[in-house]
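Asker: next comes the sequence, and after it the predicted model I'd like to discuss.
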Amino acid sequence: MPLVVVGSVAIDNVETPTQRRDNLLGGSATHFSVAASFFTGVRLVGVVGSDWPEEHTQMLISRGIDTSGLHVVEDGKTFTWTGRYLPNMNDRETLDVQLNVFGEFDPVLPESYKRAKYVFLANGVPGVQMKVLSQVPGRRLAVADTMDLWINTMRGDLDKLLGELDGLVLNDAEAKLLTGSENLVAAGKAVQEMGPKFVIIKKGEHGAMFFGEHETYVMPAFPTPRVIDPTGAGDSFAGGMMGYLAEQDAFDPETLKTAMAYGVVVASFNVEGFGLERMHEVGREDIDKRMDAFRKMLSF
């Protein structure tokens, strides 16, 4: 089943302790789309400026990603993020953010997108995310990501959004901030009470926690000895998970668990290169092979 994603499309400049790369294809919706494209057709909604390199669009199209929802603003500039990772490769500093055209992003979905059954709202303004949901009335599954900025500054809009979602993805610090609980199990259950049927708390290199209607479990990260650039790992996790759900056209508890595992595996490839470089080198067979290895790791 086709999958619609709405969110940022950006140009990233990334510095690590050993290297620096500029003008990388980035953005939460971009990383999500590429990850999901291993499993299903993806329909991307985003905005870029006239400085956006055409080769980036062609790369997305080459992966079967529908870019008819990618709006180009003439005389505008694309959202740009510059960041530096610390030696532990978990913590990073944002050196510069230029929202540019993304700062006034007001997504209008193409007619063909409005019939989608699976929708992912990548990190963005809660009010904008709500507007997107109103354009997809026949959806079967709607999942969103959020961040501390919206929790602190737009809590009212976020609370309304939570009541409309089937699932929410956020990291451990955001879960604690949203609920006021330092215990992640308590925090996950508290977020569920705000509306979503399931909640996924990302813990970086320590994997993720799942809170469903009838079960709670922890999904470890795939042990990756080569971490080059963690940018977009969380978005790739969500993309792999949602892509698998859309491919299976199901989201029962067992399918959700398998989807989370696929998300972990896809994210493990994402961190092995700068930007999306590594994702261009692998195929579905590589993902399935690593998934088989991951299954064996989890068996005892």
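Answerer: Yes, it's here. Values in this document were obtained by computation on a predicted structure and should not be read as measured data.

Asker: use CA for all of it now, contacts and neighbours both
Answerer: Noted.

Asker: show me what the helix ranked longest in the chain is packed up against.
Answerer: As assigned by DSSP state H, the longest helix anywhere in the chain is helix 253-270. Applying 3 or more C-alpha pairs under 8 Å, 6 or more residues apart in numbering; DSSP states H and E, one finds that helix 253-270 contacts helix 233-248, helix 277-281, helix 284-298.

Asker: elements contacting the shortest one?
Answerer: Other helices and strands packing on helix 277-281, by 3+ C-alpha pairs under 8 Å, 6+ apart, are helix 253-270.

Asker: quick one, the helix it packs on and helix 233-248 angle?
Answerer: Interaxial angle, helix 253-270 versus helix 233-248 (axes from the mean of the first three to the mean of the last three C-alpha atoms, to 10 degrees): 140 degrees.

Asker: buried residues in helix 253-270?
Answerer: 255-270 (16 or more other C-alpha atoms under 10 Å).

Asker: what does stretch 202-212 give?
Answerer: Of the residues in stretch 202-212, 202-203, 205, 207-212 count as buried by neighbour count, 16+ other C-alpha under 10 Å.

Asker: any idea which residue sits dead centre in this structure?
Answerer: For the chain, Asp235 is the residue whose C-alpha lies nearest the centre (C-alpha atoms, centre = their mean; 2.6 Å).

Asker: surely that one touches Ala29?
Answerer: Yes: using C-alpha atoms under 8 Å, Asp235 makes contact with Ala29 at a distance of 7.4 Å.

Asker: what sits in contact with each of the two?
Answerer: Ala122 (C-alpha atoms under 8 Å, 6 or more residues apart in numbering).

Asker: what's around Gln98, how many residues?
Answerer: 15 (other C-alpha atoms under 10 Å).

Asker: got a list of what the residue nearest to it when sequence neighbours are not counted touches?
Answerer: In this structure, Gln98 finds its nearest non-sequential neighbour in Thr80, 5.1 Å apart by C-alpha to C-alpha, 6 or more residues apart in numbering. Going by C-alpha under 8 Å, 6+ apart, Thr80 touches 10-13, 96-100.

Asker: taking the buried residues of helix 253-270, tell me the two that lie furthest apart.
Answerer: Farthest-apart pair in the buried residues of helix 253-270 is Thr255 and Asn270; separation 22.5 Å (C-alpha to C-alpha).

Asker: quick one: the strands in the stretch 101-250 of the chain?
Answerer: Counting by DSSP state E, counting those that start in this stretch, the stretch 101-250 of the chain has strands at residues 118-121, 141-145, 167-171, 198-202, 208-211, 216-219.

Asker: wait, which of those strands is closest to Tyr244?
Answerer: The closest of these to Tyr244 is strand 118-121. By C-alpha to C-alpha, the value is 11.0 Å.

Asker: run through who's touching that closest one.
Answerer: 1-7, 129, 139-145, 242, 246.

Asker: about what we covered before: redo the strands of the stretch 101-250 of the chain as TSV? Include distance to Ser33.
Answerer: Below are the strands of the stretch 101-250 of the chain laid out as TSV (distance: least, C-alpha to C-alpha, whole Å):
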stretch	distance to Ser33
strand 118-121	10
strand 141-145	14
strand 167-171	16
strand 198-202	19
strand 208-211	20
strand 216-219	22
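
Asker: mind putting these in JSON lines, distance to Asp106 and mean pLDDT included?
Answerer: Output for those, formatted as JSON lines (distance: least, C-alpha to C-alpha, whole Å; pLDDT from 0 to 100):
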{"stretch": "strand 118-121", "distance to Asp106": "13", "mean pLDDT": "99"}
{"stretch": "strand 141-145", "distance to Asp106": "17", "mean pLDDT": "98"}
{"stretch": "strand 167-171", "distance to Asp106": "21", "mean pLDDT": "97"}
{"stretch": "strand 198-202", "distance to Asp106": "26", "mean pLDDT": "98"}
{"stretch": "strand 208-211", "distance to Asp106": "31", "mean pLDDT": "98"}
{"stretch": "strand 216-219", "distance to Asp106": "35", "mean pLDDT": "96"}
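
Asker: out of these, which is closest to Ser50?
Answerer: If we rank the strands of the stretch 101-250 of the chain by C-alpha to C-alpha, the stretch that ends up nearest is strand 118-121, at 24.2 Å.

Asker: partner strands of that closest one, parallel or antiparallel?
Answerer: For strand 118-121, the paired strands and their directions (DSSP bridges) read strand 3-6 (parallel), strand 141-145 (parallel).

Asker: name the stretch among the ones you listed that sits most buried.
Answerer: strand 3-6 (a mean of 28; mean count of other C-alpha atoms under 10 Å).
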